[in-house]
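# Sequence first, predicted coordinates after that:
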Amino acid sequence: MRDQTGTAQDDGHPESGNLRPVSGVTAFLDRYPFLVLGLLLMGAFTSSSAAPLGGLYVIEGMGEPPWKVSMVAIVQVVVTLLTNRAFGRAIDRAVPIKALLITSIVFFASGMAILATFQIYWVYLCFASILLGVGSGALSVMYSFGRLFAEQTGRDVVKFNGFLRMQTSLGWMVGPAASLSLFGAFGFTVTYYSIATLGAVWFVVCLFIVPAAFKTHHPGSLVTGKKIPFNFGLLLACVPVFFIGAGNVVFVTAMPLYFTTELGLIASAAGFALTVKCFVEVVVIYYCAHLIRKIGERGGMILAAVLAAIFFGLIYNATSLADVLVLGALDGIYYGIFAGISMTFVQNFAPDRPGVATSYYVSTLFIGGLVANLATGFIATWYSFQATVLVAGGFALVGGIVLMVMKDAKAAHETPTIA
C-alpha cells in the first residue's frame, strides 16, 4: 500500500519490499502507471511484428529449404537464453534497468535493419539472428522492471503482473496481423524497415519513461563474484510452465493446417479461433488476481492445466466451425489463467532475486516454444496434425501432475535449497 506522501509501505507481504520513498521519474510513473504498461505494449507490438516473417523470409524471400528456418531459430533461442541469464543476474546485482533495456532494443532494431538490407541467408544466421536473440531479452527485462516497479510503489504485484501479461497479449493480437498485411502489400524490405523504425520509436519512448537510476531494491541482491546458490524450487516451478506453454505452442503451430486439411474448415477458421481466444484471454488475465486470492497460485496453475487437457480433448473431436469457435473461448480461459498466474508463480520461488526468476520464466517459455515447434513438425510428418493435439494435451497433463506433487512457494522456502 502507499501512504499520502507517496511512500511505499511494508504491508507484511514479501512482494511489497521495505519502506521506500519514491521520487523523480518513479514518482511520476507512480501517478501514471499506464506509461509502464504502454512501454511494454509498444515493445510487444514491435517484437511480435517480426515473429511471423522469419520462416517466410528464409523460404520465400531467399529460396532456402525449410530446415534452414530451424537453424536460425536454434541460434536465436540459444542467444536469447544466454541473454536472459546474463540480464537476470545483472538486474539482481543492481545494474540499472534502463541500460539493459536500451541494449536489447538497439540490438533488435539493428537486426531488423540488417534483414531489410541484406537478403542473404548466412548474414541472417550469423549476424541478424544473434542481434535478434539479444533483442529478445527485452521481454524479460520489462517483466522484471514491472515487478520491481510494483513493489517499489506498493502495488499489488499479482495484479500488476497480470496487467503486464495483458499488454503482451494485446501486442500479439495486432502485431503479427499488421506485419503480414504490410508484407502482402509491399514485401519484405519495406516491412523490415518499418519494424526497425518501430524499434527506433520504442527506443525513444524507453529513454523518456524508464528512470535512469531505476534498479532492484532487494537487500539480498547479489554482488559481483558471489556464488549463486542453486534454487531447486525455482527450477521445479519452471517445469509445469514449460509443459503447459509448450502444449499451447504445439497446438497454435498445427492449428491452421489441422483446421483446413483435416477438419475441412475454411482457411480463416484459425484466425477466427485465435481472435476469440485472445479476447477471452485478456479478460481472464484481468480477473486472475481474484482467482489467486481464492485458490492460490499453484491452485490456479493446476486449474489451467486441467482446463487445457479438457480443451485439447474436445478440440480433437471437433467437426465444425461452430465447435472451433466455442472451444476457442475455453482455449482463452485456460491460457488466460496460465498467462495471468505463471510469471508470479515462478517469481515467488525467488522473491529476493526477481531478475533471475523472471529470466528463468521467460527462458522456459522460449525453450518450450522451440521444443514444441520441433515436435509439431516431426509428429505432423509421421502421423497427422490431429495427433499433435493429443501431444499438446499430454504436455498439459504432465504439467498438472508436476504441480500436484510440488510444494507451494512458501513451503519450498522452508526447505533448504541445494547449494
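Yes, it's here.

# what about Val241, how many residues close to it?
Residues contacting Val241 under the criterion other CB atoms under 10 Å number 26. To be clear about C-beta, it is placed using only N, CA and C from the backbone, and glycine gets the same treatment.

# pretty sure it contacts Ser363?
No - Val241 is beyond contact range of Ser363, at 10.1 Å (criterion: CB atoms under 8 Å).

# tell me the contacts of the residue positioned nearest the centre of the chain?
For the chain, Val362 is the residue whose C-alpha lies nearest the centre (CA atoms, centre = their mean; 5.7 Å). Counting by CB atoms under 8 Å, 6 or more residues apart in numbering, Val362 touches Asn84, Leu139, Ser140, Tyr143.

# Now do the residue nearest to it when sequence neighbours are not counted against Val95, distance only.
Leaving aside its sequence neighbours, Val362 sits nearest to Ser140 (CB to CB, 6 or more residues apart in numbering; 4.0 Å). Remark: distance between Ser140 and Val95 (CB to CB, to the nearest Å) = 13 Å.

# Mind telling me what element Arg155 is part of?
Per DSSP states H and E: Arg155 is located in neither a helix nor a strand.

# ok, now Pro351?
Under the criterion DSSP H and E, no helix or strand holds Pro351.

# Next, it: phi, psi?
The phi and psi torsions at Pro351 (degrees, to the nearest 10) take the values phi -60, psi -30.

# pLDDT at it, what is it?
In this prediction, Pro351 carries a pLDDT score of 84.

# same deal with Phe366?
Taking Phe366 on its own, its pLDDT is 88.

# coming back round to it: neighbour-wise, which of Ser140 and Val95 wins?
Neighbour totals were compared for Ser140 and Val95, and Ser140 leads with 29 against 18 (other CB under 10 Å).

# didn't that one look like it was pressed against Gly88?
Yes - using CB under 8 Å, Ser140 is in contact with Gly88, at 6.5 Å.

# Now do the shared contacts for these two.
Jointly contacting Ser140 and Gly88 under the rule CB under 8 Å, 6+ apart are Thr358, Ser359.

# what secondary structure does Ala267 sit in?
With DSSP: H, G, I helix; E, B strand; the rest coil as the basis, Ala267 sits in coil.

# ok, it to Phe243 distance?
Ala267 is 30 Å from Phe243, where distance means CB to CB.

# Of these two, give the one with the bigger neighbour count.
Between Ala267 and Phe243, counting by other CB under 10 Å, Phe243 is the more crowded of the two (27 against 9).

# phi, psi of that one?
The phi/psi pair for Phe243 (degrees, to the nearest 10) is phi -70, psi -40.

# give me every residue that touches the residue nearest to it when sequence neighbours are not counted.
Among residues not flanking Phe243 along the chain, Gly399 sits closest, at 3.5 Å (CB to CB, 6+ apart). Residues in contact with Gly399 (CB under 8 Å, 6+ apart) are Val239, Pro240, Val241, Phe242, Phe243, Ile244, Gly247, Met301, Ala305, Ala308.

# do that again at 6 Å, thanks
Counting by CB atoms under 6 Å, 6 or more residues apart in numbering, Gly399 touches Pro240, Phe243, Ile244, Ala305.

# burial measure for the closest residue to Asp408 other than its chain neighbours, as a count.
Using CB to CB, 6+ apart and skipping the chain neighbours, the partner closest in space to Asp408 is Arg298 (5.2 Å). As a burial measure, Arg298 scores 21 neighbours (other CB under 10 Å).

# How much space separates Arg298 from Cys238?
Separation of Arg298 from Cys238 (CB to CB): 14 Å.

# Quick check: mean pLDDT of whichever helix or strand Phe242 is part of?
In the assignment (DSSP H and E), Phe242 maps to helix 232-257. Across helix 232-257, the average pLDDT comes to 90.

# Which strands or helices does the helix or strand just after it pack on?
Going down the chain from helix 232-257, the next helix or strand is helix 269-286, by DSSP H and E. Packing partners of helix 269-286 (3 or more CB pairs under 6 Å, 6 or more residues apart in numbering; DSSP states H and E): helix 157-186, helix 321-347.

# hey, where'd the helices end up in the stretch 51-200 of the chain?
Secondary structure of the stretch 51-200 of the chain (DSSP state H, counting those that start in this stretch): helices at 54-56, 67-92, 97-117, 121-123, 129-135, 137-152, 157-186, 188-209.

# which one of those helices has the lowest average pLDDT?
In terms of average pLDDT, helix 54-56 trails the rest of these, at a mean of 79.

# can you give me how far that one is from the chain middle?
Counting by CA atoms, centre = their mean, to the nearest Å, helix 54-56 is centred 20 Å from the centre of its parent chain.

# ok, Ala304 - contacts?
Counting by CB under 6 Å, 6+ apart, the residues that Ala304 touches are Tyr334, Ile337, Phe338.

# could you redo the last one with a cut-off of 8 Å?
Contacts of Ala304 (CB under 8 Å, 6+ apart): Ile244, Tyr334, Tyr335, Ile337, Phe338, Ile341.

# Now these in TSV, please, with extra columns for distance to Leu41 and neighbour count.
Shown next, in TSV, are the contacts of Ala304 (distance: CB to CB, whole Å; neighbours: other CB atoms under 10 Å):
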residue	distance to Leu41	neighbour count
Ile244	24	30
Tyr334	23	27
Tyr335	19	28
Ile337	21	26
Phe338	20	31
Ile341	20	29
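
# which one among these gets closest to Ser47?
Nearest to Ser47, judged by CB to CB, of the contacts of Ala304 is Tyr335 at 19.1 Å.

# wouldn't that closest one be in contact with Glu281 here?
Yes - Tyr335 lies in contact with Glu281 (CB under 8 Å); the separation is 5.4 Å.

# Let me see the mean pLDDT of stretch 327-339.
Computed over stretch 327-339, the average pLDDT equals 94.

# How far away from the center of its chain is that stretch?
In terms of CA atoms, centre = their mean, the centre of stretch 327-339 is found 15 Å from the chain centre.

# Check stretch 389-399 too.
Mean-position distance between stretch 389-399 and its chain equals 20 Å (CA atoms, centre = their mean).

# same question, stretch 233-252
12 Å.

# tell me which residues in that stretch are buried?
The neighbour-count check on stretch 233-252 (16 or more other CB atoms under 10 Å) flags 233-234, 236-238, 240-252 as buried.

# same question, stretch 31-39
Within stretch 31-39, the residues that count as buried by 16+ other CB under 10 Å are Pro33, Val36, Leu37, Leu39.
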